[in-house]
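Colleague: Have a look; sequence and predicted model below, questions after that.
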Amino acid sequence: MSKTPIEDYEAIVEVISKYVDGLIAGKKEIMQPVFHKDATMYGYNSNGFLGGSIQNLWDFVDEAGAAPNMKSRIDVLDVEGTIASARISLENDAYGESYTDYHQLLKVDGEWKVIGKLFHLHG
């Protein structure tokens, strides 16, 4: 059994941080490079169920704009070889809502990419 290098944890936090930075700035261009081109997202928001292509996230960021007062916490839950899971707690997004995200990551050509996003809106 091999130990996961600390640099993998740091790289995952860096990837997720770019996602958070994009939400805060309201600029999808900041976060797009850390998502796999075929990434998906599923969950519930204030309009109900939302699922499918990561294009849904780009549309959300375009519509919502910046979230300058958003707070976040990133927890890397597990890393095993080329796969990883992270939990992101978000408070006070562009609409004043709070979410918990679970991102599944895959190491592609030596780089960590978000392959899937699950999210839950806190009532």
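Modeller: That came in fine, so what should we check first?

Colleague: could you say what helices and strands the longest helix along the chain packs with?
Modeller: Ordering each helix of the chain by length in residues (DSSP state H) puts helix 6-25 first. Contact analysis of helix 6-25 by 3 or more C-beta pairs under 8 Å, 6 or more residues apart in numbering; DSSP states H and E lists helix 28-31, strand 71-80, strand 83-91, strand 98-108, strand 111-122 as its packing neighbours. From N, CA and C alone the C-beta is placed, and that goes for glycine too.

Colleague: ok, Gln104 touching Ser85?
Modeller: Yes - here Gln104 lies in contact with Ser85, judged by C-beta atoms under 8 Å, at a distance of 5.8 Å.

Colleague: Low-confidence ranges, this structure, go.
Modeller: Filtered on pLDDT under 70, the chain yields the residue ranges 1.

Colleague: can you count the residues close to Gly51?
Modeller: Using other C-beta atoms under 10 Å, Gly51 has 11 other residues around it.

Colleague: I appreciate the help and will end here.
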